[in-house]
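> have a look at this prediction, sequence included:
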Amino acid sequence: MADADGLGTRADLVERGDLPLLGQDVSRTYRLGIMGGTFDPIHYGHLVTAEQAFDDLDLDVVVFMPAGRPAFKQGRNVTSGEDRNAMTLLATSDNPHFVATRFEVDRAGVTYTADTLELLREIYPDNVELFFITGADAIAEIVTWREAGRIARLAHLVGATRPGYDLDRADDLISGSPYDFDVTYLEVPALAISSSYLRERVSGGQSLRYLTPDSVTGYIHKHHLYGVVPTRYVSVLEEGESS
Ligand code: DND
């Protein structure tokens, strides 16, 4: 299969462990979920959304794809692709149907979703369908993304909404757009957490426990991300001895 934008052949990509090998059995259709995100940092909102999409849409696997240079965050200082990729790897490593890929991190220039989907379409045979998963915030915005029409042609969309979320707005924007989006809406448990909330907590010296896997928190502390405030853990015994 053709070289995908200098990233290597289909076999290379699979051998590197970056992308799952799908489509071998021509008598069946495969369903590949793609969870794109800045993941700065990744958290349980992202993970629970992908897990639910996997179950509800009967996906074969969900690929987590940290954005290389995100198209829309040029104004903000985004953590390096290497760090965001490492955190994504850690967060997904214990789930057998999640895979983290460097597909966008390794791509030069601004990474647009339409280009990513086009490259995946070149890599995978026709019996692999693409499902691009987004959260409630992103689903209403998708009509404004670069080459939204191309996105609509290349992939099904999965829009994860929270209970009580005003779906009508997203639906109006999508159905009012000139593009033929195929969207499946899912209701995921309300996890009112965001990467910016996690960053604020880290810089304020607060815990990330139960917001993201502990391995991600460990990585943030070890690599001094988000203005981490070093914590000195003192055991109850030590405290008692010093008083
Ligand atoms: P975000 O920066 O929103 O990622 O980017 C999401 C994807 O959209 C990436 O793949 C981007 O490359 C792509 N995008 C955005 C804008 C323009 C274009 C492409 C373009 O090509 O023109 P976050 O890390 O913030 O979030 C990742 C996903 O998780 C998003 O879909 C977000 O809505 C969702 N999410 C949650 N879902 C459920 N519960 C929560 C969530 N927090 C974030 N608590």
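Now that the structure is in, tell me what you want to look at.
> does the nearest residue to Gly37 once chain neighbours are set aside count as helix, strand or coil?
For Gly37, the nearest residue in space outside its immediate sequence neighbours is His46; the separation is 5.9 Å by CB to CB, 6 or more residues apart in numbering. C-beta here means a position set from N, CA and C on the backbone, and glycine is covered the same way. Under DSSP: H, G, I helix; E, B strand; the rest coil, the three-state class of His46 is helix.
> any idea how far His46 lies from the ligand?
5 Å (CB to the nearest ligand atom, to the nearest Å).
> which strand or helix spans Phe132?
When secondary structure is defined by DSSP states H and E, Phe132 falls within strand 128-134.
> residues contacting the residue nearest to Gly37?
Contacts here follow CB atoms under 8 Å, 6 or more residues apart in numbering; on that basis His46 touches Met35, Gly37, Phe39, Phe64, Ala91, Gly135.
> who wins for neighbours among those residues?
With neighbours defined as other CB atoms under 10 Å, the most crowded of these is Met35; it has 29 neighbours.
> can you list the buried residues in the helix or strand where that one lies?
With elements delineated by DSSP H and E, Met35 resides in strand 30-37, which encompasses its position. Applying a neighbour-count criterion of 16 or more other CB atoms under 10 Å, the buried positions in strand 30-37 are Tyr30, Arg31, Leu32, Gly33, Ile34, Met35, Gly36, Gly37.
> kindly state the beta-bridge partners for the second one.
So the one you mean is Arg31. Assessed by DSSP bridges, Arg31 has beta-bridge partners Glu129.
> Ala86: how many residues sit nearby?
The number of residues packed around Ala86, counting by other CB under 10 Å, is 17.
> Tyr124 versus that one, what's the distance?
Counting by CB to CB, to the nearest Å, the gap between Ala86 and Tyr124 amounts to 26 Å.
> how about Glu187?
Counting by CB to CB, the gap between Glu187 and Tyr124 amounts to 29 Å.
> when these two are compared, which one has more neighbours?
Between Glu187 and Tyr124, counted using other CB under 10 Å, the more crowded position is Tyr124 (20 against 15).
> the more buried one: what's it in contact with?
Counted by CB under 8 Å, 6+ apart, Tyr124 has contacts Arg10, Leu22, Gly23, Leu32, Leu130.
> what about the strands in the protein?
All strands of the chain, identified by DSSP state E, fall at 30-37, 61-66, 69-70, 98-100, 110-111, 128-134, 156-161, 183-187.
> who in the protein is up against the ligand?
Proximity of the chain to the ligand is confined to 36-39, 45-46, 49, 67, 70-72, 111-114, 134-135, 137-138, 145-146, 160, 188, 191, 193-195 under the rule CB under 6 Å from any ligand atom.
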